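Undergrad: sequence and predicted model, in that order:
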Amino acid sequence: MLSLVLGHRAFVAFFTEVKRVGTATKPANETTLREVVYAATPLLREPLMLLRNMARDLIDSRHLAYRLLIRSLRSQYRQSLLGYFWVVIAPIAATGGVLFLSKQNVLQTVETTVPYGLYVFSGILLWQIFTDSYQRPIQWLWTFRSVMGRVNFPREALILGALCEVLIQAGIRVVMLCFVLVWFGSEIGATFLIAPLAILALIGFGLIVGLVLAPMSLLYGDVERGMNLAMVFWFLMTPVVYNPPTGWPASLLNQVNPVSPLIVTARELVFGMPLTQLIPFLVVSTFVMATLLVSWLLFRLALPHLVERVSG
Amino acid sequence: MNTSSLIEVRSISKKYCGDLKKSLWYGLGDIGKEVIGRIQNGERLRAGEFWALRNVSFTLSPGDALGLLGRNGAGKTTLLRVLSGVMRPDVGFARVRGEVAPLIELGAGFSPILTGRENIYINAAILGVSGKAVDEIIDEIVDFAEISDFIDMPIQSYSEGMKARLGFSVAAHLNPDVMLVDEVLAVGDLGFQRKCLNRISRYISQGGILVFVSHNMHLIQSICQRSLVLDGGQAVFDGPTAAAVERYAHLNETSRVNSSIATSEVTDATPVMIDALSVEAVDATEIYSGGSIRLTLMYRALRNIESVTWGFSLWTRDQEVRIATSVAKHDGQLQQLRAGSGLLSCVVRNLPLVPRTYCVKSGIYDSITGWPIARFGWENAPASFEIKGATNEANSRHRIDNDIVDLDVRWLS
């Protein structure tokens, strides 16, 4: 499955193995050993060292992220008859449902330039990619919170692994979208090739939400419950199944909702439509790029305090 | 820091909060301070907080094996977590040089659905070792764990012992510079424990550093030359393991005396109580090897009790090893305990024990069923006595070798 999505060689090459088995006679050369000092000093007191350590841990975590990703995928699908087929069942079911309703002329309540069934399907698919992006990091932290309390492995592996899982799921969904486009007789234009960039921005935004919320959700169960509640409203406030409102004050919802331009632009690129929210999209994308590092920093600073309080 | 040392711990303190809600709230506050880079006042305890570790210092060099002794909640695991970098100290610092393998929980990251082989790679990756490196040693790992026939089965079909063996085997074969072991050998069978001991001994002799937590005094004494005794988060002893074990045993005795006070009334449910058990030298002021001791048991009985006997057992001070047990052969001399207070006594001659401190536990039993009617030293603190010995080579050797019995040997050639 992974090979299908990314190409097995490229996938494994990215997760280059980085560490060694200790030498039989220790220490062969003490100067080569890594020295760490654990103290109460705030990490931000030495920002350069903090950034250097973050970069090093991100690089060091590639192999572990790969192993944990394999663990996650196999654990999810091995104890089932249909196995990896479950990865595509949800998009297939959604697709089937939309096609059926579309054939029955049920989904004709909103004027759209593409068939409404296709419009809804693409919107839901993009929304699922967003929700996956913020939920996976939280799920991974919960799964490994006990291990985090016992072994000091690079925590970035959890984020990297969760991100890869999101990318794989998103890749499968995009492939499914291609099939649906062909089914509806829509053309796959040149702008479709740019759509993944918009989807990446959507994933990036979801990841920021996940990075900020994941540590907090370890601390307080309210965060997860609150997010589940908020997501229902957020979904309704986002033009997923309807066109972006243009009249005030409904348009305000669209303007203050950062997910809105990401989903709208991604969908317009998929269908080769004129880009109606290019400026807001660029603003949010720039925000995503600038904020990813900050949210990673917050995650890094917060996690040690949380692990010692909730790891058991 | 000494150029050869790999672990340096200086005045480490760590506090916990016993109240969950307060703990979470403090966690938020600490994150806030961390984000603005403000130094926290580590020395100050907030409401509900207590010291899990207080002012602990030590240094370890290659080839050192440090035992950590202490009752539950003494701070042993917290210290290991600080050393492994899982949590930062609130005061002081820990400097660690080299790769660390924490065995605080065996098989970190194991997925029950995946096979033993798959889990080896995951566990090794969590401990910081690449898949390629594991490829080279996976056969050794499987052989050591003695689960070759099961390695391609999901580990949810493994017993707890098998999982523990696999987890230990992975960590032991990664040859870290520092190994932190927290009471993980207890789950293995005796044969596997022996194998682990050999592996650990070889690891130490090759220059590895070991910090070892166990409530098994034999294991600690077999592995560690030096031990730290923790009590209430503080290091109350740091020195040779034999002496540390004695100190730890003393802590336990103190604890048991405190806990036995409430059960000293004679009632219908417990018609006989043993109030005291004393040990004294016979015809001497101090007890020596080869000498005699008199044991005297003081009891109280609510009513006359028929068909009883009594006995005692001799233990090492840590109460891990029962050295001898003796029950009175009364031959019709003692059939009845009379109501009220009374004494029972006996003399033990030619004590073959080496100079050190021992414990005595005693009991009064139904002579027909063998059931205990009253016991002393089991639920509360046993009596103890010290055998004195001259400062000579033989006694020094006994102490170093951790001997118990001094045999009267006639060397013929």
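TA: Here it is on my side, so go on. As the structure is a prediction and not an experimental result, all values here were calculated from the model. Residues are numbered from 1 along each chain as shown, chains lettered A, B, ... in the order given.

Undergrad: C-alpha only now, for contacts and for neighbours.
TA: Fine.

Undergrad: got the residues of the stretch 101-250 of chain B near chain A?
TA: Applying Cα under 8 Å from any Cα of the partner chain, one finds that the stretch 101-250 of chain B approaches chain A through B:102, B:104-105, B:108-109, B:111, B:113-114, B:121-122, B:125-133, B:174-177, B:206-208.

Undergrad: which of those fall in helices?
TA: Among these, the members falling in helices are B:121-122, B:125-126, B:131-133 (criterion: DSSP state H).

Undergrad: list the buried ones in stretch B:377-385?
TA: Going by neighbour count (16 or more other Cα atoms under 10 Å in any protein chain shown), the buried part of stretch B:377-385 is B:377, B:380-385.

Undergrad: by neighbours, which of the ones in helices among the residues of the stretch 101-250 of chain B next to chain A wins?
TA: Within those, neighbour counts (other Cα atoms under 10 Å in any protein chain shown) peak at residue B:122, which reaches 29 neighbours.

Undergrad: mind showing which ranges of the stretch 51-200 of chain B have poor pLDDT?
TA: Scanning the stretch 51-200 of chain B for pLDDT under 70 picks out the ranges B:186-188.

Undergrad: quick one, helices of it?
TA: Counting by DSSP state H, counting those that start in this stretch, residue ranges of the helices within the stretch 51-200 of chain B are B:76-84, B:116-126, B:131-145, B:160-173, B:190-205.

Undergrad: distance to residue B:18 for these - can I get that in JSON lines?
TA: Listed next are the helices of the stretch 51-200 of chain B as JSON lines, based on distance: least, Cα to Cα, whole Å:
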{"stretch": "helix B:76-84", "distance to residue B:18": "15"}
{"stretch": "helix B:116-126", "distance to residue B:18": "30"}
{"stretch": "helix B:131-145", "distance to residue B:18": "39"}
{"stretch": "helix B:160-173", "distance to residue B:18": "30"}
{"stretch": "helix B:190-205", "distance to residue B:18": "35"}
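
Undergrad: residue B:33 is nearest to which of the ones you listed?
TA: Taking Cα to Cα as the criterion, helix B:76-84 is the member of those that comes nearest to residue B:33, at 20.4 Å.

Undergrad: contact partners of that closest one?
TA: By Cα atoms under 8 Å, 6 or more residues apart in numbering or on different chains, the residues outside helix B:76-84 that reach it are A:38, A:149-152, B:14, B:52-53, B:68-70, B:87-89, B:94, B:96, B:100-102, B:104, B:180, B:182, B:211, B:213, B:230, B:233.

Undergrad: ok, which of the helices of the stretch 51-200 of chain B comes nearest residue B:398?
TA: helix B:190-205 (21.8 Å).

Undergrad: helices and strands around that closest one, which ones?
TA: Using 3 or more Cα pairs under 8 Å, 6 or more residues apart in numbering or on different chains; DSSP states H and E, the elements in contact with helix B:190-205 are helix B:160-173, helix B:217-223.

Undergrad: what is the orientation angle of it with helix B:160-173?
TA: Per axes from the mean of the first three to the mean of the last three Cα atoms, to 10 degrees, the angle that helix B:190-205 makes with helix B:160-173 is 20 degrees.

Undergrad: can you name the residue of the stretch 201-312 of chain A nearest to chain B?
TA: The stretch 201-312 of chain A approaches chain B most closely through residue A:302 (5.3 Å), counting by Cα to the nearest Cα.

Undergrad: angles on the backbone of the most centrally placed residue in chain B, please.
TA: Within chain B, the residue whose C-alpha comes closest to the C-alpha centroid is residue B:215; the distance, by Cα atoms, centre = their mean, is 2.1 Å. In this entry, residue B:215 is assigned phi and psi values of phi -100, psi 0 (degrees, to the nearest 10).

Undergrad: can you pull the contacts of it?
TA: B:69-70, B:183.

Undergrad: would you mind measuring from residue B:189 to chain A?
TA: 24 Å (Cα to the nearest Cα, to the nearest Å).

Undergrad: residue contacts, that residue?
TA: With Cα under 8 Å, 6+ apart as the criterion, the residues that contact residue B:189 are residue B:161.

Undergrad: residue B:220 too?
TA: Each residue near residue B:220 by Cα under 8 Å, 6+ apart is listed here: B:67, B:212-214, B:241.

Undergrad: could you rerun that using 10 Å?
TA: With contacts defined as Cα atoms under 10 Å, 6 or more residues apart in numbering or on different chains, residue B:220 is in contact with B:65-69, B:212-214, B:226-227, B:241-242, B:245.

Undergrad: need those in a markdown table (columns: distance to residue B:288 and neighbour count).
TA: Compiled in a markdown table, the contacts of residue B:220 are given as follows (distance: Cα to Cα, whole Å; neighbours: other Cα atoms under 10 Å in any protein chain shown):
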| residue | distance to residue B:288 | neighbour count |
| --- | --- | --- |
| B:65 | 34 | 27 |
| B:66 | 33 | 26 |
| B:67 | 31 | 30 |
| B:68 | 32 | 29 |
| B:69 | 30 | 29 |
| B:212 | 35 | 24 |
| B:213 | 34 | 25 |
| B:214 | 32 | 19 |
| B:226 | 28 | 19 |
| B:227 | 28 | 25 |
| B:241 | 24 | 25 |
| B:242 | 20 | 20 |
| B:245 | 22 | 24 |
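
Undergrad: the residues you listed in strands, which ones?
TA: In strands, judged by DSSP state E, the following of these are found: B:65-69, B:212-213, B:226-227.

Undergrad: closest to residue A:309 out of these?
TA: Ranked by distance to residue A:309 (Cα to Cα), those are led by residue B:213 at 22.2 Å.

Undergrad: so the closest one versus residue A:178, what's the distance?
TA: When Cα to Cα, to the nearest Å is applied, the distance between residue B:213 and residue A:178 equals 58 Å.

Undergrad: highest average neighbour count across the helices and strands packed on helix B:190-205?
TA: Across those, the average number of neighbours (mean count of other Cα atoms under 10 Å in any protein chain shown) peaks for helix B:160-173, which reaches a mean of 22.
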